[in-house]
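>>> Sharing a sequence plus its predicted fold:
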Amino acid sequence: MIRTLTTTAAMLAIAAGAAFADSHSDDDDDDDRGFGLAGILSASNKEDLPPITLSAGMPLADAPWVLKSGTYYEFEIEADGSQELALTGSEFFRAIWIDEIVIEGLEIRPLGLDSVEFDEAGVMEIGFLAIKPGSYVLMVPGSTGETQRLEITIE
């Protein structure tokens, strides 16, 4: 009796699996419901920011950034190699979610960031999601000039 029940259950499981496989075959386009990427990752929620320039004695940016919480942003840091320069802003980096950092085609997906440094000329692209509203600063460490800092507000 138990053997008959086990055999019957096994045959029912095989039949159910076959029916499921048929209803979800590769030829079936029912899995495409016409939806795009979810909310914050959609292309309509992405903005490009002006680049930050790392150059001896030159301003980092033309104007402060005003960002909106929940929006995805991308920007480039361009270093001309005139001097070994870093950019620090741990409070800002903790107020955002960094999606990726791209350096010469290499993609880095960090859990966090405190600062970046350029020993020579190069370009770095950072993609992030603004999260925590507040006022933040990115700056060249040890500098006191207003042009060596970028004021950032997340609304």
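In hand now; what should we look at? Numbers count the residues shown, from 1 in each chain.
>>> residues contacting the residue most central in space within the chain?
Nearest residue to the geometric centre of the chain (Cα atoms, centre = their mean): Asp99, 1.8 Å. Going by Cβ atoms under 8 Å, 6 or more residues apart in numbering, Asp99 touches 72, 109, 127-129. To be clear about C-beta, it is placed using only N, CA and C from the backbone, and glycine gets the same treatment.
>>> out of the residues you listed, who has the most neighbours?
Phe128 (22 neighbours; other Cβ atoms under 10 Å).
>>> Check the gap between that residue and Glu155 for me.
15 Å (Cβ to Cβ, to the nearest Å).
>>> where do the helices sit along this structure?
2-23, 90-94 (DSSP state H).
>>> hey, least reliable of the ones you listed by pLDDT?
For the helices of the chain, the weakest mean pLDDT is recorded on helix 2-23, namely a mean of 50.
>>> hey, C-alpha coordinates of stretch 121-133 in CSV?
C-alpha atoms of stretch 121-133 as CSV (Å, rounded to 0.1, in the frame of the first residue of the first chain):
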residue,chain,number,x,y,z
ALA,A,121,46.6,62.0,-14.9
GLY,A,122,43.5,60.0,-15.3
VAL,A,123,39.7,59.8,-15.2
MET,A,124,37.4,58.1,-12.7
GLU,A,125,33.6,57.8,-13.1
ILE,A,126,31.4,57.3,-10.1
GLY,A,127,27.7,56.3,-10.3
PHE,A,128,25.7,56.6,-7.1
LEU,A,129,22.3,57.0,-5.6
ALA,A,130,21.7,60.0,-3.3
ILE,A,131,20.1,58.8,-0.1
LYS,A,132,20.5,60.9,3.1
PRO,A,133,19.4,64.6,2.9
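>>> wait, isn't Pro51 in contact with Glu74?
No - in this structure Pro51 lies outside contact range of Glu74 using Cβ atoms under 8 Å: 10.3 Å.
>>> Tell me what the closest residue to Met124 other than its chain neighbours is bridged to.
Counting by Cβ to Cβ, 6 or more residues apart in numbering, the nearest residue to Met124 once its immediate chain neighbours are dropped is Ile77, at 4.7 Å. Per DSSP bridges, the residues bridged to Ile77 are Ile52, Met124.
>>> And Ile77, what's its pLDDT?
At Ile77, the model reports a pLDDT of 97.
>>> how far away is it from Ile126?
7 Å.
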